[in-house]
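Asker: Got a sequence here, can you build the structure:
(6 chains)
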Number of protein chains: 6
Amino acid sequence: MSRYGAQYGPDLTFLGIDRCDLAEPETFADADVVIVGAPFDGGTSHRPGTRFGPMAIRQACYLPHDGSRPHLALRTDALQDLRVVDAGDVEMYSGDVERSIHDLEAAVFTVAQAGAVPLILGGDHTIALPDATGVARHHGMGRVSMLHFDAHADTGDIEFGSLYGHGQPMRRLIESGALRGDRFLQLGLRGYWPGPETLAWMAQQRMRSFEMTEIGKRGLDDCLDEAFGIATDECEGVFLSVDVDVCDPGHAPGTGTPEPGGLSARQLLDAVRRICLELPVVGIDIVEVSPPYDHAEITAFLANRVALEALSAMAARRNGISHDPAGPLLEGR
Amino acid sequence: MSRYGAQYGPDLTFLGIDRCDLAEPETFADADVVIVGAPFDGGTSHRPGTRFGPMAIRQACYLPHDGSRPHLALRTDALQDLRVVDAGDVEMYSGDVERSIHDLEAAVFTVAQAGAVPLILGGDHTIALPDATGVARHHGMGRVSMLHFDAHADTGDIEFGSLYGHGQPMRRLIESGALRGDRFLQLGLRGYWPGPETLAWMAQQRMRSFEMTEIGKRGLDDCLDEAFGIATDECEGVFLSVDVDVCDPGHAPGTGTPEPGGLSARQLLDAVRRICLELPVVGIDIVEVSPPYDHAEITAFLANRVALEALSAMAARRNGISHDPAGPLLEGR
Amino acid sequence: MSRYGAQYGPDLTFLGIDRCDLAEPETFADADVVIVGAPFDGGTSHRPGTRFGPMAIRQACYLPHDGSRPHLALRTDALQDLRVVDAGDVEMYSGDVERSIHDLEAAVFTVAQAGAVPLILGGDHTIALPDATGVARHHGMGRVSMLHFDAHADTGDIEFGSLYGHGQPMRRLIESGALRGDRFLQLGLRGYWPGPETLAWMAQQRMRSFEMTEIGKRGLDDCLDEAFGIATDECEGVFLSVDVDVCDPGHAPGTGTPEPGGLSARQLLDAVRRICLELPVVGIDIVEVSPPYDHAEITAFLANRVALEALSAMAARRNGISHDPAGPLLEGR
Amino acid sequence: MSRYGAQYGPDLTFLGIDRCDLAEPETFADADVVIVGAPFDGGTSHRPGTRFGPMAIRQACYLPHDGSRPHLALRTDALQDLRVVDAGDVEMYSGDVERSIHDLEAAVFTVAQAGAVPLILGGDHTIALPDATGVARHHGMGRVSMLHFDAHADTGDIEFGSLYGHGQPMRRLIESGALRGDRFLQLGLRGYWPGPETLAWMAQQRMRSFEMTEIGKRGLDDCLDEAFGIATDECEGVFLSVDVDVCDPGHAPGTGTPEPGGLSARQLLDAVRRICLELPVVGIDIVEVSPPYDHAEITAFLANRVALEALSAMAARRNGISHDPAGPLLEGR
Amino acid sequence: MSRYGAQYGPDLTFLGIDRCDLAEPETFADADVVIVGAPFDGGTSHRPGTRFGPMAIRQACYLPHDGSRPHLALRTDALQDLRVVDAGDVEMYSGDVERSIHDLEAAVFTVAQAGAVPLILGGDHTIALPDATGVARHHGMGRVSMLHFDAHADTGDIEFGSLYGHGQPMRRLIESGALRGDRFLQLGLRGYWPGPETLAWMAQQRMRSFEMTEIGKRGLDDCLDEAFGIATDECEGVFLSVDVDVCDPGHAPGTGTPEPGGLSARQLLDAVRRICLELPVVGIDIVEVSPPYDHAEITAFLANRVALEALSAMAARRNGISHDPAGPLLEGR
Amino acid sequence: MSRYGAQYGPDLTFLGIDRCDLAEPETFADADVVIVGAPFDGGTSHRPGTRFGPMAIRQACYLPHDGSRPHLALRTDALQDLRVVDAGDVEMYSGDVERSIHDLEAAVFTVAQAGAVPLILGGDHTIALPDATGVARHHGMGRVSMLHFDAHADTGDIEFGSLYGHGQPMRRLIESGALRGDRFLQLGLRGYWPGPETLAWMAQQRMRSFEMTEIGKRGLDDCLDEAFGIATDECEGVFLSVDVDVCDPGHAPGTGTPEPGGLSARQLLDAVRRICLELPVVGIDIVEVSPPYDHAEITAFLANRVALEALSAMAARRNGISHDPAGPLLEGR
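Answerer: Numbering: from 1, shown residues only, chains lettered A, B, ... in the order given. Next up is the predicted model:
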């Protein structure tokens, strides 16, 4: 007994994959990846709506919900070539951030401990704290690097009187020792937050943050090369945290704190592919999809594809599939 | 020092009326009505967004924001004929329902104690608990009747593991003794919630709930007559709680839990007018306006007009203006 | 040479009826009704967009654009039983209200002089001034009554430094003597505008304004009976001016200054039918449809049906079709 | 094996009720009602989108998808008190109306033959042909009356060169003898379609069509009384076909051919309740919900509530629950 | 007699150009290009709405509908410098894919046979089958190359039980011999469809498909160079088929099966220009614009500009206008 | 006394900065930049709505409205490091373009004369005429260069019978001698307007216009280098006029005349930064934001960020902050 299902709607799974139940270990004993929904928006500093993110990301596809998605470029069907199961949502009452964080961390830890990669569908970015903590508790505190795509550093201290919210998880993760500041890689930052004091704290932690100007001048691949070097130094695994607002609002309007001037959807997908092909990813979250602000589901589609891109690249890595990005799609030409 | 202003945007006031600061008693010492924003949506069981309700309701008008609104039918300018001031928002972190409730109750009590009528702009219906409690603490526990417009009874017990949320405030108010169950009048209920157990509890409390079928068959005015009789029996004041979802979703789409088959906007405005003209209203809240789900601001406009209708009728009552609803607008014809 | 066509798009006609050209009298010599587009929104005090009203109203129908619309209840096909032609738009530069008014008045007068009923598709309500003036210049200054459906009295004096705008046409019409104040019937007023000074001026003119409360208490038909008595006293013709904001925003969201608590679409259609069946209508305008604020074209559909209802009732009146509103649709049952 | 599931998305059921499989008779042997999705919009004459109707109607609820919906006024939980199961969608390729109709009719007949009431979620109104035919084949050709809520008569002959489409099912049903013309009751007609020739054909069939003007003058309940008398004369069962466009576009914007001036949502719900309480309903379809044109899901919510209202009233009828529409909700007051 | 006009609205032409009638050969005898509307969405596997594509594309422009569009960069006014006429829509009943395909193919063949280039405005991509077949029947089966911009290969076999739909036209074209597989160039593919079996079939046909990764790595111009080489080898003409979903959903949200990570609008326009400047284009279709899912018409604008870009480049090619893409717009600087 | 405040809503300031009053010189005597709202859309040739631009741009931010915005990349807080004040709106009646232009020019001149840089928030592009004229009157007629980002040249002559509108300001500015044609730099042009005659006039004036094709081929930075050389030749100051439609509609949908194929938001922000860092900017306007056509405020957010980018770069230039665009965000890595 006990699968909670979906907090806000029918109990469906990511693109029709199998269910598992975190209360029944045998249902995910052999899983490579376990998808966990985190329908929480109590931590947002502005527009809410991310509580509907998990539901939207699971459904946003025009193809049959049949648990199969062959990736054109990578020539692998991650949902078949890996064992990917969906644990449903963790109940996260948006009115109680502390209880919600606690329960999600327990769920993520359960997944990690079972040897699977947790792929958490947010929810606002508050959840990065329990997500990465749950993973680090298994792989070793300070032994996991962070690759963090975002318009915002999310290293705030106290906001609205609380230590927990979508602008603060990265600070909490470093303070607790779950992650090392000097293995914290941020990509896509821009805009007008945080202020000098917080930036000074970040520098002190020896974080490496790539603002959009740097990415624009050097090229994303060059920045990724540098980031990969740092991430794999003395760390066993990588946590990938993707805030959809790293993309330009034109490509991802359905989010709470849109900041103009971001990556294109294409850039994000390419980066996620490289990370999951080249690095040992041990946890992923995809956050800040806010359906009420979306149009024609384009942001939900993007997040769905970020998840599939990550899974496909992990499958290719696992199965030793080689991939020449400049090569032709079809053999013989 | 200290006015908090608006939690989610520029610090503007309801239609341009004067500011006050709850931390400075002299700024509202002579007020008849104090408007308080309660930008909270952490208690919603489904769609969020009501955190932007106060901002939307304050702004939703095509006329100049000049602190003057002469009511055509009642021939009074409530914003001039009463002293109405706007205290801005109470900071309500949606991720912490308990702290938020506590702080709002303190604000409402401060207003009531100063002899003014608090008019709280929500926010989700969670806030009815602190709103009515704050008023009852001043006027006497159990001495205030409730007139509650809503599609839902809001008498749930525990939801998502919490005692506090937008489906439970009415139960908490009766349990705490703030309000009497047999002076609790509900209008507009319909749909599929709550279940028999809760309805039995409500009957036990001797609540009087008018479901839409009854209103449809008897007429709204007849139901109001009955309700007014109960409300004024052994009670000194009336609290008016208007959940916009009492209206049909066609008239109020911008809300979290829309239930087809409700009142028309015209019916709601007429009812609010009668209540504030005929009864001693000591507190008001207007809740569940969720701007992300609104279209062309029509729900925000409605809530703004509910506030003005209440204020105008209170002004007419205060100033002894007589009003013949069937009479002509202009003299001489 | 010279038909201007449509100011903002392809040159199409109302539901596919024939074109005429106001510069070529023979093209509308035998017309019963001439449709004129007035794509102007320079006079709006708040949301613009009505410049796209004529285009939207002409097109808003799911049936073939074939110049035929048999009315179910009235059993007449107005577009066939009357000669109705479409003159296209008058060029109205929204940045120049005075020139725009001047040119529209000339066009309307041309139509009236030719013995046809002008049906003007707005545009904001500024156009009622040239519309009714153009008609009155032909039928006699002060010889035409006004039946005015609106949430607002539109009797303002100077706004934004101008005598001309969508809140002032009715005052200008009475001041100029085009229409008599005591043959001015307003239905559907509500809300918070205008203030006492203007209401006093209106009373002085002996206008008869039915606020929504009166309509609600007495019933719309009773109010119409009274209005019809006044309208036909010493007047030869009736001008019908329909501002869609007379309807509740739930039924007509696509408008500039929505005021909650209005008529239902059904009520408006019934009233328009009675007017055009029972009174000698000599001019009509339908105004304040603002497509950018519409949803799924429901406001444009409503305005289209107001036009068809008026035309159908005029055709029935002309052709002596009797109509029992309580009778069955089909013979024999 | 073989449940098809949902044609356009995840395989979920109406509000979480149990699945059945039409290919496995034992899965619905004891069912009172079987829900069938008909995701078809190939027959629409204008806006498509109804293919997503079944998915939208199944999901449109803010309450848990737990297969329980206690009706406040009727005091029955239809999803528990009846055995209601969901067969998923029939595959209906919108590009092939003839095959689609054929397959749906087979599915409906299967349900009827098993002794259950089919409740079909459309889809455009084309499906009324297979829906009512499938039912009549079991209960007897010409032995089932039709109660048809719609803005349109749907009695067209050939459109776009086809005998089958959403404007023609009622003609086909009478022509085939599935239903009797003189037991065909239509409510809510209005607008400008069909023309005189078709109306003459309808009169010839002795159909009884209540146009909105008649409903407005006589009252809906009076019209229903008359309709009930006809429907129960020499007929064993009633088919209820609800086109959401019977409601005003303000209450049901998400539809393909909106016609202003319709019923309110409240009126429709009350009528559906009376029908299912007072008459022996043997089949139901709810059609023309077009999610791409909806706003904030209000049309989908309405259709969901029409389904629940019908089920609840059927449950009350089955279980002999008495219902005084003018009585209080709670006992003891 | 006989021009059908528009299937779903007023009979307007592409940006105001002249009408022609396919039943009257003299009306397009001298045409360089004939525009044909294909308002069909019966073949879509998910979101419909493309039936409104032709109407939307014809109208989507803020400039006067005057049949003139001087191209800034190319310095030609295609609508004047070529003879471009609009044949209106072919009636395509979405409920009957086979008849629709048949009738469209006849229309396209009629145009091609008259020596004009057909430019077909879709409609879903089902229409590529009749479009390219109609052209190939005139220019020679297997003598026309295909340049196909799309997120999807559209080489599926049977879907929803049908050989015809928007995911299958390219397979049917190769199978029938209308086009050669080894002269089939696809650009912009990405995502998770089709699967390995279909990709193997495509490789067998020796199709050349450029997935987005390859385009990203090599650059679009480099890929076009390669494609041009293949396309002009042993083929007399080129058919250009543009599915707007080749662009990123951020640039083209109004489509049925959006796939994140596509071309920018700028890239698509540049590619279309090069193709029509450098290659002998004999037919074009622009498909999958779905207005119900569009926002502020941006997808319709894009499709309109794709059409104009193609026409302008064809005019420049025809008239020998030279174009230096890196040169200044104005002479003398 | 006399601050006008906001024409269409509450009197709020750009992100919470201080107010000033143009009628009281001491309120902006020490200002570096004065923000002026120009809520005008009477000059638009198609979609209106820009009257709500100033209000939308001032508010479009998810951060506290506290008058502080530290720029991540430039490490300056422009709203603190410069003295930036907000004068509110100039009243601009959209129905009277001539009076509106006159009053705005007076306001801008007042600001320039006080030694501050006017930053005008439009409004449609009509306002560039008074904006640049007001600045040139202070700095010297013909002594200010123009850097003009736009899809359109805006050099039309007479439109809708008027010399003034959003397609003509640049011609008027050159004709009047306010600006020199040969110091007029345009970036981002594309599409189908204006025609050859106007282009010839532009060439005659020796304007330098960079069409998108040139920018695409050469790169934006290369074009800017060339433009900067021209702009600083014999001119003392630069006026920067940013029409948001220079960006692709995917990045800026909320505008009146969207033209596909534009800059990305990132490109625009980078260009604005370079201009304000490297050139002596003496005036700025940001125009053509039309909120009714926006989605999720993404266009308003973009315009807000263009303003902040300009201010931040001006602050950095003023304070000698060096900026290496390819360098890391945080020190020490």
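Asker: what about stretch A:286-300, start to end distance?
Answerer: 11 Å (C-alpha to C-alpha, to the nearest Å).
Asker: What of stretch A:45-53?
Answerer: Chord length of stretch A:45-53, first to last residue, is 17 Å (C-alpha to C-alpha).
Asker: Is residue A:119 located within a strand, as I assumed?
Answerer: Yes. Counting by DSSP: H, G, I helix; E, B strand; the rest coil, residue A:119 is part of a strand.
Asker: residue contacts, the residue nearest in space to the middle of chain A?
Answerer: For chain A, residue A:285 is the residue whose C-alpha lies nearest the centre (C-alpha atoms, centre = their mean; 2.2 Å). Residues near residue A:285 by C-beta atoms under 8 Å, 6 or more residues apart in numbering or on different chains: A:38, A:119-123, A:127-128, A:131, A:239-242. (C-beta placed from N, C-alpha, C; glycine too.)
Asker: I'd like these laid out as a markdown table, including secondary structure, neighbour count and pLDDT.
Answerer: Shown next, in a markdown table, are the contacts of residue A:285 (DSSP: H, G, I helix; E, B strand; the rest coil; neighbours: other C-beta atoms under 10 Å in any protein chain shown; pLDDT from 0 to 100):
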| residue | secondary structure | neighbour count | pLDDT |
| --- | --- | --- | --- |
| A:38 | strand | 32 | 98 |
| A:119 | strand | 24 | 98 |
| A:120 | strand | 30 | 98 |
| A:121 | strand | 28 | 98 |
| A:122 | strand | 35 | 96 |
| A:123 | coil | 35 | 96 |
| A:127 | helix | 32 | 98 |
| A:128 | helix | 30 | 98 |
| A:131 | helix | 32 | 98 |
| A:239 | strand | 29 | 98 |
| A:240 | strand | 25 | 98 |
| A:241 | strand | 27 | 98 |
| A:242 | strand | 29 | 98 |
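Asker: Would you mind giving the secondary structure of the residue nearest to the centre of chain A?
Answerer: Taking three-state DSSP, the label given to residue A:285 is strand.
Asker: Not counting its neighbours along the chain, what's nearest it?
Answerer: Distances taken as C-beta to C-beta, 6 or more residues apart in numbering or on different chains place residue A:120 nearest to residue A:285, at 4.1 Å, with adjacent residues excluded.
Asker: same check, this time on residue A:105
Answerer: residue A:130 (3.5 Å).
Asker: so what's the residue nearest to residue A:212 when sequence neighbours are not counted scoring on pLDDT?
Answerer: Spatial nearest neighbour of residue A:212, excluding adjacent residues (C-beta to C-beta, 6+ apart): residue A:190 at 4.3 Å. Looking at residue A:190, its pLDDT reads 98.
Asker: and residue A:190, what does it touch?
Answerer: Per C-beta under 8 Å, 6+ apart, neighbours of residue A:190: A:151, A:211, A:212, A:213, A:259, A:261, A:262, F:72, F:73.
Asker: One more pass at 6 Å, please.
Answerer: A:151, A:212, A:259, A:261 (C-beta atoms under 6 Å, 6 or more residues apart in numbering or on different chains).
Asker: and the helix or strand hosting the residue nearest to residue A:105 with strand A:117-122, angle?
Answerer: Residue A:130 belongs to helix A:128-139 when elements are defined using DSSP states H and E. With axes from the mean of the first three to the mean of the last three C-alpha atoms, to 10 degrees applied, the angle from helix A:128-139 to strand A:117-122 works out at 170 degrees.
Asker: Neighbouring strands - and their directions - for the helix or strand that helix A:128-139 is followed by?
Answerer: Next in sequence after helix A:128-139, counting helices and strands by DSSP H and E, comes strand A:144-149. Next to strand A:144-149 in the sheet, as set by DSSP bridges, lie strand A:184-189 (parallel), strand A:237-243 (parallel).
Asker: so can I have CSV of the ones you listed showing distance to residue D:91?
Answerer: Output for the strands paired with strand A:144-149, formatted as CSV (distance: least, C-beta to C-beta, whole Å):
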stretch, distance to residue D:91
strand A:184-189, 43
strand A:237-243, 36
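Asker: Residue F:159 is nearest to which of those strands?
Answerer: strand A:184-189 (42.6 Å; C-beta to C-beta).
Asker: what sits up against that closest one?
Answerer: A:146-151, A:153, A:207-211, A:227, A:231, A:246, A:263.
Asker: Same check on stretch A:51-64?
Answerer: By C-beta under 6 Å, 6+ apart, stretch A:51-64 touches A:8-9, A:14-15, A:37, A:39, A:41, A:89, A:94, A:121-123, A:289, A:291, A:297, A:300-301, A:303-304, E:46, E:193, E:257.
Asker: One more: stretch A:191-199?
Answerer: A:151, A:153, A:155, A:156, A:259, F:63, F:69, F:70.
Asker: Of those residues, which is the most crowded?
Answerer: Using other C-beta atoms under 10 Å in any protein chain shown as the neighbour test, the contacts of stretch A:191-199 are led by residue A:151, with 30 neighbours.
Asker: State the phi and psi torsions of it.
Answerer: phi -80, psi -20 (degrees, to the nearest 10).
Asker: ok, now which ones touch it?
Answerer: A:188, A:190, A:191, A:245, A:246, A:259, A:262.
Asker: again, only this time at 10 Å
Answerer: A:188-191, A:193, A:211-212, A:243-249, A:252, A:255, A:257-263, A:288, F:72 (C-beta atoms under 10 Å, 6 or more residues apart in numbering or on different chains).
Asker: Any idea how far whichever strand or helix holds residue A:198 is from the middle of the chain?
Answerer: Residue A:198 belongs to helix A:196-204 when assigned by DSSP H and E. Once both centres are worked out by C-alpha atoms, centre = their mean, to the nearest Å, helix A:196-204 turns out to sit 24 Å from its chain's centre.
Asker: average pLDDT across that helix?
Answerer: 97.
Asker: do the same with stretch A:257-268
Answerer: The model assigns stretch A:257-268 a mean pLDDT of 98.
Asker: ok, that stretch near chain E or not?
Answerer: Yes. Counting by C-beta under 10 Å from any C-beta of the partner chain, contacts between stretch A:257-268 and chain E involve A:264, A:265, A:266, A:267, A:268.
Asker: how about that stretch, does it reach chain B?
Answerer: No. Stretch A:257-268 lies apart from chain B when judged by C-beta under 10 Å from any C-beta; the minimum separation is 11.6 Å.
Asker: First-to-last residue distance for that stretch?
Answerer: 18 Å.
Asker: What of stretch A:170-181?
Answerer: Note: stretch A:170-181 ends 9 Å apart using C-alpha to C-alpha.
Asker: do stretch A:312-331 as well
Answerer: First-to-last residue span, stretch A:312-331, C-alpha to C-alpha: 20 Å.
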